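Enquirer: what's the 3D shape of this:
(2 chains)
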Number of protein chains: 2
Amino acid sequence: MNKITGHYSQSYDSELNEAVDRLLTMGALVEQQLRDAIKAFIKGDRELAQQVIQTDRKVNTYEISIEEHCLEIIARRQPAARDLRLIMGVLKSINDVERVGDQAEHIAKQLLEEDCQRPTDAQLEDIEMMGDKVLHMLQQSLKAFKEMDAALALAVLKQDKLVDNDYGRILRHNLTYMLEDTRQITRGLHLIWVARALERIGDHAQNICEFSIFIAKGKNVSHLTEEEVEAVVDKGKK
Amino acid sequence: MNKITGHYSQSYDSELNEAVDRLLTMGALVEQQLRDAIKAFIKGDRELAQQVIQTDRKVNTYEISIEEHCLEIIARRQPAARDLRLIMGVLKSINDVERVGDQAEHIAKQLLEEDCQRPTDAQLEDIEMMGDKVLHMLQQSLKAFKEMDAALALAVLKQDKLVDNDYGRILRHNLTYMLEDTRQITRGLHLIWVARALERIGDHAQNICEFSIFIAKGKNVSHLTEEEVEAVVDKGKK
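Expert: Numbers count the residues shown, from 1 in each chain, chains lettered A, B, ... in the order given. Coordinates of the predicted model:
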C-alpha cells in the first residue's frame, strides 16, 4: 500500500510521489558517495577519493531540480496539512542529504591532503567502525522517510548517541597520541577531521528522521528531548 | 518604501511582513549571542559564556514559531511566485540563523572546557579579527534580506573568501605551535575549533545571502561560481 499519498487527482499523487522518489534517488547516490569515501580513506585509494569529489556536482544538480519540482507543486497544487508537511520535509531533507555529500567529499579530501605516513590499522579500524554505524543511520533514515515509519525514525535518533561516543573516543585517543609524539599531530588531525565529518553526517541523518516524524505526526520534534519525541511517536498508536 | 510586499489584501501583506520581521528579530538575537560568545572567549568571561549557552533555548523557540507561521501562510494564502520564494527564503534562513546560534554556543563551550592556560594575546587577536569579519558578514546578510538588496548580498558573498583565509592562517599557525611545543596541543585545538566555528558562521551568512538573491531574482545561485552569481544579480539592472 502506498503510504505517501491517496488523492482523487492521480497526477497530484504522482507529483508528490515523484518528489519523494527523487529524494530517495539522491539519497542513494549520496549513500554510495559516503560508502566510497570511507572505503577510499581506509584503503588509501586516491583514485576512488577523486571520484567521490566529482560526484558532488551531480548531487548539487539533484538538489536544485528537486527544489524546483517541490516549489512548482506548492504553487500549482496548494497543498495543505500532511501534503504540505511532506513537501516541506522533502525540501528540508534534500538540504541535509546534500550536506552529507559535502562531508563525504571532505573525508575524501583528507586522504588527498595526507602528507604523512598512513594511520595505523587500529586507527583505521576505529574510523571504519564509526563509518559503518553512520552509514547504517543514513540508510535507515532514508528508509524511515520512504515508509513514513516514525518508530523506525525514532530508533535511528537513538543511535546518534553511539556515534557521538565514537567521536569522543577517537578524539581523546588521537589527542593522547599527539601529546606523546609530535610527529603524530598532522596524522591525528586528519583522523579527527574524518571522525568529525562522520559525526556530523549522523546529525544530518537525525534531521531526516525528525522530518519523517514531522510529516507523519504533524509536530516539529527537532528541539525536544528523547522522551518527548517518544511521546509524540507513540501518540495515536494502538 | 516597503520592498517586501504590496498586495490588495492588507492582512496577507502584514502576515508576510511579520514572517520577515520575526526572522530579523531572531537574527538580531543570534547576532548578540555571537557577539557575546566572541567577547566571552576573548576576555575569558565564563559567566557571559554561560549566558550564551542559555540563549540557545530562546533561539530554538523562535525557529519553531516562525516555521509554524510560514506553514500557515502557505496553507491559507497559497502564495505563488515571489511570495512563495519569500516564504521559502524565510524558512531556510531561520535554519541557518539557528545554526549560527549553535556555533556561538560551541564557541562559548570552548572557553568553559578550557583546561589549560589562556591563549596568548596574539592568538586572541587573530580570533578577534576573524570574529569581527564574521559578525559583519552576518549583520550585512540580514540587512540584505531585510532590504531585498541582491547587490549587497553579492558583496557579502565575496567576503567569505577572507574569512576562509583567516581560518587557514589560524589553522597553520596553531599547528606550527603545536608541533614546536606539545604543551600547546589542547590550547591549539580550542583555538582551531573556535576558528572553524567562525568559518562555518561565514558559510551560514553566505546561505542567507543566497536566499535573498533567490527571492529577488528567482534563481537558486547556491552552487554557482562567483561570476555566474554576479551575472544573475546584474541581470535586469539599468
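Enquirer: which ones are touching the nearest residue to A:Arg82 once chain neighbours are set aside?
Expert: Leaving aside its chain neighbours, A:Arg82 sits nearest to A:Ile215 (6.8 Å; criterion: C-beta to C-beta, 6 or more residues apart in numbering or on different chains). Yep, even glycine has a C-beta here, placed from its N, CA and C like the rest. By C-beta atoms under 8 Å, 6 or more residues apart in numbering or on different chains, A:Ile215 lies in contact with A:82, A:85-86, A:89, A:148.
Enquirer: closest to A:Asp56 out of these?
Expert: A:Gly89 (23.5 Å; C-beta to C-beta).
Enquirer: for chain B, see how far away the closest one is.
Expert: 11 Å (C-beta to the nearest C-beta, to the nearest Å).
Enquirer: one more: A:Glu228?
Expert: A:Glu228 sits 13 Å away from chain B, taking C-beta to the nearest C-beta as the criterion.
Enquirer: repeat for A:Lys92
Expert: 8 Å.
Enquirer: can you tell me the element that residue falls in?
Expert: Using DSSP states H and E, A:Lys92 falls within helix A:81-112.
Enquirer: likewise for A:Met26?
Expert: Counting by DSSP H and E, A:Met26 is found in helix A:10-43.
Enquirer: in that helix, what counts as buried?
Expert: Buried residues in helix A:10-43, counted by 16 or more other C-beta atoms under 10 Å in any protein chain shown: A:12-13, A:15-16, A:19-20, A:22-24, A:26-27, A:29-31, A:33-38, A:40-42.
Enquirer: so what does whatever helix or strand comes next after it touch, helix or strand wise?
Expert: Sequence order places helix A:46-77 as the next helix or strand after helix A:10-43, per DSSP H and E. Under the contact definition 3 or more C-beta pairs under 8 Å, 6 or more residues apart in numbering or on different chains; DSSP states H and E, helix A:46-77 sits against helix A:10-43, helix A:81-112, helix B:81-113.
Enquirer: now for these, which one comes closest to A:Thr176?
Expert: That would be helix B:81-113 among these, by C-beta to C-beta, at 16.6 Å.
Enquirer: counting contacts, what elements does the next helix or strand after that closest one pack onto?
Expert: The helix or strand immediately downstream of helix B:81-113 is helix B:121-147, counting by DSSP H and E. With contacts defined as 3+ C-beta pairs under 8 Å, 6+ apart, helix B:121-147 has these neighbours: helix B:10-43, helix B:81-113, helix B:150-180, helix B:185-217.
Enquirer: let me have those helices in TSV, extended by mean pLDDT.
Expert: Below are those laid out as TSV (pLDDT from 0 to 100):
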stretch	mean pLDDT
helix B:10-43	95
helix B:81-113	94
helix B:150-180	91
helix B:185-217	93
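Enquirer: need the winner for burial among those helices.
Expert: Greatest average neighbour count among the helices and strands packed on helix B:121-147 goes to helix B:185-217 (a mean of 23), per mean count of other C-beta atoms under 10 Å in any protein chain shown.
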